[in-house]
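Chemist: following is a predicted model, sequence given first.
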Amino acid sequence: MAGLKIAMINGIMPMAGSGDGITEYAYSMYLQLKRRNRVGLVYAIERARKNDVGGLIRINSMLSTQVKRAAREEYDIYHIMNQEVGFAAADLKSTSRSGKVVTTIHDISRFENGLHRGALQRAYNAMIKRSVSKAIKNSDFLIFDSKQTMREVGKRFGTVNGAVVNIGIDKRFSGKMTRKRNEAFTVGYIGSFAHHKNVAMVLAAASIMKNADVDFRIYGAGTEEGSLAAFAERNGLQRLTMAGFAPESRKVQIYDSFDAFVFPSLYEGFGLPILEAQARGLPVIIYRRGKIPDEVRKYCFEAEDEAHMAQIIEGLRENGYNEKRRKTAMAYARSFTWDKCAKETLKVYAQVLGNQ
């Protein structure tokens, strides 16, 4: 479906290289949808600190004004790109606009107990929970990244009018392989050091394997950074490197420096790093009890605990990654594209507008 006038609403300006998955989603969808449609960007600020209560309050105030202004321009679709600014659905409902409101819900992790720590996080979570509730109540249709998120929203809020549209990985992850053989088997991680990412499990596995011919290279930043560094020093992890933040521009090169990828998150709305790593031909190890959508965990190795993770790593080091499984997982991961995501999103628009 082409020729629509779409207002794409996000708290932060959609941009490449932000390091934020939701912002990358908004940017990738903007590039895809603007090819055949008139897409207007409605956003509050260019950049914001993650999980910053003051920043979120500022975004809420500024975006509310922008959204009400956009309502007067009579778009066909007002697409709120993430649940964290879902309050905009209520702002739109209060206006006299004729277009339909669609909200993408990437996850409802803020409703999960124990994932986020600290008083400021509790305050931030409370604001996001209100925003998600407003999106669900006031949107004409909801888009979910995964079946898992759709099920969780249904359990918590009852029957919802929505559909699953899987997100994509950037085409650069499907490019030519550049991997070079490492002197030692190298296990890598790329992501946040927030509590729910469970990076401590990786370091615990590294501690078990500290006498093996295995290097661990950990990329990221976040609230757990200090405690992770202290654990590494306390346990004498000489073969573990805390490599800092991984720039988007270098991610392919970084993935290609690994022999295996670990991503033991306790909760993911989708889990793009898993697919990115698999698209580069890497075996991926996740935490079996983590909430990872079925669409993404399909070809992962699943570790029961840090000892089992160490055992899986040792098996890969000794025996290699089964070539048939590698090719199958790589092809599957590369099938998640932004082009497909955009086409499925346009089908949603058609359904919402009554053209299907």
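Modeler: Okay, I see it. Fair warning: this is a prediction, and the values are worked out from it, not measured in the lab.
Chemist: burial check on Leu203, number of neighbours?
Modeler: 22 (other CB atoms under 10 Å). C-beta coordinates here come from the backbone N, C-alpha and C atoms, glycine included.
Chemist: quick check: it touching Leu228?
Modeler: Yes: counting by CB atoms under 8 Å, Leu228 is a contact partner of Leu203 at 6.0 Å.
Chemist: find the residues that touch each one of these two.
Modeler: Ile218 (CB atoms under 8 Å, 6 or more residues apart in numbering).
Chemist: avg pLDDT for whichever strand or helix holds Val296?
Modeler: Following DSSP states H and E, one finds Val296 within helix 294-297. Per-region confidence: helix 294-297 scores 96 on mean pLDDT.
Chemist: likewise stretch 217-230?
Modeler: Rounded mean pLDDT across stretch 217-230 is 93.
Chemist: pull out the buried positions in the helix holding Val296.
Modeler: Glu295, Val296, Arg297 (16 or more other CB atoms under 10 Å).
Chemist: what does that helix contact?
Modeler: Taking CB under 8 Å, 6+ apart as the rule, helix 294-297 contacts Ser146, Lys147, Gln148, Asn166, Glu268, Phe270, Gly271, Ile274, Leu275, Ile286.
Chemist: let's see it as PDB, backbone CA atoms only.
Modeler: Coordinates of each C-alpha in helix 294-297 appear next as PDB, following Å, rounded to 0.1, in the frame of the first residue of the first chain:
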ATOM      1  CA  ASP A 294      10.700 -18.100  20.100                       C
ATOM      2  CA  GLU A 295      11.300 -16.400  16.800                       C
ATOM      3  CA  VAL A 296      14.800 -15.500  17.900                       C
ATOM      4  CA  ARG A 297      15.900 -18.300  20.200                       C
END
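Chemist: the helices in the protein, which residues?
Modeler: For the chain, helices defined by DSSP state H occupy the ranges 21-33, 53-71, 88-93, 119-138, 147-157, 199-208, 225-234, 251-255, 272-279, 294-297, 306-319, 323-334, 338-352.
Chemist: any chance of these in TSV, with distance to Ala184 too?
Modeler: Formatted as TSV, the helices of the chain follow (distance: least, CB to CB, whole Å):
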stretch	distance to Ala184
helix 21-33	31
helix 53-71	42
helix 88-93	50
helix 119-138	37
helix 147-157	36
helix 199-208	13
helix 225-234	17
helix 251-255	17
helix 272-279	19
helix 294-297	28
helix 306-319	9
helix 323-334	20
helix 338-352	36
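Chemist: which of these sits closest to Val101?
Modeler: Distance to Val101, taken as CB to CB, is lowest for helix 88-93 among the helices of the chain, at 5.2 Å.
Chemist: packing partners for the closest one?
Modeler: Contacts defined by 3 or more CB pairs under 8 Å, 6 or more residues apart in numbering; DSSP states H and E place helix 88-93 against helix 53-71, strand 77-80, strand 100-105, helix 119-138.
Chemist: looking at those, which is buried most?
Modeler: strand 77-80 (a mean of 28; mean count of other CB atoms under 10 Å).
Chemist: partner strands of that strand, parallel or antiparallel?
Modeler: Partners of strand 77-80 in the sheet, by DSSP bridges, are strand 5-12 (parallel), strand 100-105 (parallel).
Chemist: now do that strand: distance to the chain's middle.
Modeler: Distance of strand 77-80 from its chain centroid, counting by CA atoms, centre = their mean, to the nearest Å, is 20 Å.
Chemist: contacts for that strand?
Modeler: 4-10, 67, 70-71, 86, 88-89, 92, 97, 99-104, 135, 139, 345, 349, 352-353.
Chemist: pLDDT on it, on average?
Modeler: 97.
Chemist: go through the strands paired with strand 77-80 and name the closest to Pro247.
Modeler: Short answer: strand 5-12, nearest of those by CB to CB, at 17.7 Å.
Chemist: in the closest one, what's buried?
Modeler: So for strand 5-12, counting by 16+ other CB under 10 Å, buried means Ile6, Ala7, Met8, Ile9, Asn10, Gly11, Ile12.
Chemist: and Val160, what pLDDT?
Modeler: So, for Val160, pLDDT stands at 87.
Chemist: repeat for the one 3 residues further on
Modeler: Turning to Ala163, the model gives it a pLDDT of 97.
Chemist: isn't it up against Lys147?
Modeler: No: under the criterion of CB under 8 Å, Ala163 is not in contact with Lys147, lying 10.4 Å apart.
Chemist: these two: which is more packed in?
Modeler: Set Ala163 next to Lys147 and count neighbours by other CB under 10 Å: Ala163 wins out with 16 against 13.
Chemist: before we move on, the earlier item: let's have the helices and strands packed on helix 88-93 in JSON lines, adding distance to Ile254.
Modeler: Output for those, formatted as JSON lines (distance: least, CB to CB, whole Å):
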{"stretch": "helix 53-71", "distance to Ile254": "28"}
{"stretch": "strand 77-80", "distance to Ile254": "32"}
{"stretch": "strand 100-105", "distance to Ile254": "28"}
{"stretch": "helix 119-138", "distance to Ile254": "28"}
